[in-house]
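>>> Need the 3D shape of this:
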Amino acid sequence: MSSILKIKFPIIFIFLILLIHLRSFVFAHDQATAYEHQGKVFISIYDSDKFAEFKLSEGNLVKTTDGKVSRFEKDDRIYVTSWTEDFKKLYYANRIYRYDMEERLTAFFSQYDLEKLQNIQTRFFKSFLFENKEEFKNENIYLTGPGRKPKYFVNYTYDFYPNKQFSHVIYHYSSSVLIHLGTKRVTFPFGIDDIQHIDWSFNGQFVAYSFQGYNSKYMLGDRPQCEIRDRDQATLVILDIINEKTLLKKNLGGKYIADLAWSPDSSHIGVITFKSRLGVLPWELLLAMAGHPVYYNTFCVEIYDTKGNMVDIKVLEGSYKWGSARIVWN
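Residues are numbered from 1 along each chain as shown. Below you'll find the predicted structure:
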C-alpha cells in the first residue's frame, strides 16, 4: 500500500502544478482581454499590393477597410495611396503635429550651436564605448550660441521631436539627447540606444519609444557606429520626463515593433508588433538561396499600461509581404 502511495504522490504533485499553471494562464488571458479602451485605436497595415484598416474599441477588434494599394503620377512624381482619407487625416492630426512646429523649432534652435551639441553627443557615445561614464556623471550641459548648423544637418522637423507643450525636445543624432527648453539643459536619458518610433504622451510628461540590441559599437572616423545584434529582440521603453524616471523597459522577445501610440489620457500605450516568416513558394526559395529572401509579416495590436502590464492583445487578420503598420489612438 505504501509503495502505491509513493508512486501516486509524485504524479498527483505534478498534476497539481500543471493545474495551477493552467489556472494562472487562463487568469492572465482574462486579464489581457478585460480592459475597456479609452477612446478608439485605429490601425493601418499595408504592403506593396494591399492594405487593411482596423478599429479597436471597448475590447472589440473590427476590420473597417480592405483595399488595394494604388499608384498615380502627378507633377512628374509617383504617389502611392495605402490608406483611406479618413485614416490619413486622423494620423496626421495626431502624429505629425511637429511639422506644424517647424517655424517655432527653427526660431528657437537657430540661436544655438548645434555643431557643438553633436560633438557633445559624440563624446557621450565614446564615454560609453570606452566605459568611461564618469566623464558625464556630474557634468551640467546647456545649449550655447551663437547659432550654427552641423555639416550633415537636414532640417529641424527631421531631427527634433518636441512634445505638444513645447517644453521638451528630443534631438536624435548619433545618440539621442533630451533638451529642457525652459532651462536649455541637455541630458542623456536614452543612453546610446538607437531609439525608434518616438511618441510623446498627450500630457507631455511621458515619452515612449523602442530600440534594438547592439552587437558592437565603434567609431568610424569621427562618427559613432553601431551594429544590430538581433532585430527580433525589440524593447519597449517608457520614460517619465518630468520626474526623470524609467517607468518601463520591457523586452518583447521574438517580435519586431512597427509603431506605437499613446492613449488620449496618457495612461496606456498601444503597440503594433509583428513576426516574420520566410516565403516558401518555389520562386521565393530560389530568391532565398540567392541571398534575397522574401518575408511575410503578421501583426498584433498590444495594449500596455505604464507599468508594463499587457491589458489587451489582438491578432490582426492577414499576412503582408514586407508589410508595415501605423497606429493612432483617438
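>>> lowest confidence element among the helices and strands of the protein?
Least confident helix or strand of the chain, by mean pLDDT, DSSP states H and E, is helix 2-33 with a mean of 43.
>>> Now do the helix or strand just after it: everything it contacts.
Downstream of helix 2-33, the next assigned helix or strand under DSSP states H and E is strand 41-46. The set of residues external to strand 41-46 that reach it, using C-beta atoms under 8 Å, 6 or more residues apart in numbering, is 51-57, 69, 82-83, 87, 90-91, 261, 270, 272, 299, 301, 303, 316, 318, 320, 323-330. All C-beta spots, glycine's among them, are computed from the backbone N, C-alpha and C.
>>> Could you rerun that using 6 Å?
By C-beta atoms under 6 Å, 6 or more residues apart in numbering, the residues outside strand 41-46 that reach it are 52-56, 82-83, 87, 270, 299, 301, 320, 323, 325-329.
>>> Report the buried members of the residues you listed.
Buried residues within the contacts of strand 41-46, defined by neighbour count using 16 or more other C-beta atoms under 10 Å: 52-54, 56, 82-83, 87, 270, 299, 301, 320, 323, 325-329.
>>> Just the ones of the residues you listed in strands?
52-54, 56, 270, 299, 301, 320, 325-329 (DSSP state E).
>>> how about those in JSON lines, adding pLDDT and distance to Gly253?
Output for these, formatted as JSON lines (pLDDT from 0 to 100; distance: C-beta to C-beta, whole Å):
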{"residue": "Ala52", "pLDDT": "96", "distance to Gly253": "26"}
{"residue": "Glu53", "pLDDT": "97", "distance to Gly253": "28"}
{"residue": "Phe54", "pLDDT": "97", "distance to Gly253": "24"}
{"residue": "Leu56", "pLDDT": "94", "distance to Gly253": "23"}
{"residue": "Gly270", "pLDDT": "95", "distance to Gly253": "19"}
{"residue": "Phe299", "pLDDT": "95", "distance to Gly253": "16"}
{"residue": "Val301", "pLDDT": "95", "distance to Gly253": "17"}
{"residue": "Tyr320", "pLDDT": "92", "distance to Gly253": "22"}
{"residue": "Ala325", "pLDDT": "96", "distance to Gly253": "19"}
{"residue": "Arg326", "pLDDT": "96", "distance to Gly253": "23"}
{"residue": "Ile327", "pLDDT": "96", "distance to Gly253": "20"}
{"residue": "Val328", "pLDDT": "95", "distance to Gly253": "26"}
{"residue": "Trp329", "pLDDT": "95", "distance to Gly253": "24"}
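>>> Could you check how many residues crowd around the spatially closest residue to Leu181 that is not a sequence neighbour?
Spatial nearest neighbour of Leu181, chain neighbours left out: Ser167 (5.8 Å); criterion: C-beta to C-beta, 6 or more residues apart in numbering. Residues near Ser167, counting by other C-beta atoms under 10 Å, number 14.
>>> Leu178 too?
Counted with other C-beta under 10 Å, Leu178 comes out at 19.
>>> Check Lys255 too.
Counted with other C-beta under 10 Å, the neighbours of Lys255 add up to 19.
>>> Return the set of residues that bridge with it.
Gln233 (DSSP bridges).
>>> For Gly191, see how far away it is.
21 Å (C-beta to C-beta, to the nearest Å).
>>> Same question for Gln205.
In terms of C-beta to C-beta, Gln205 sits 20 Å off from Gly191.
>>> more neighbours, the two?
In this view Gln205 and Gly191 are compared by other C-beta under 10 Å, and Gln205 has more residues nearby, 17 against 13.
>>> Can you classify the residue nearest to that one when sequence neighbours are not counted by secondary structure?
Nearest residue to Gln205, sequence neighbours excluded (C-beta to C-beta, 6+ apart): Ile242, at 4.9 Å. Applying DSSP: H, G, I helix; E, B strand; the rest coil to Ile242 yields a three-state assignment of coil.
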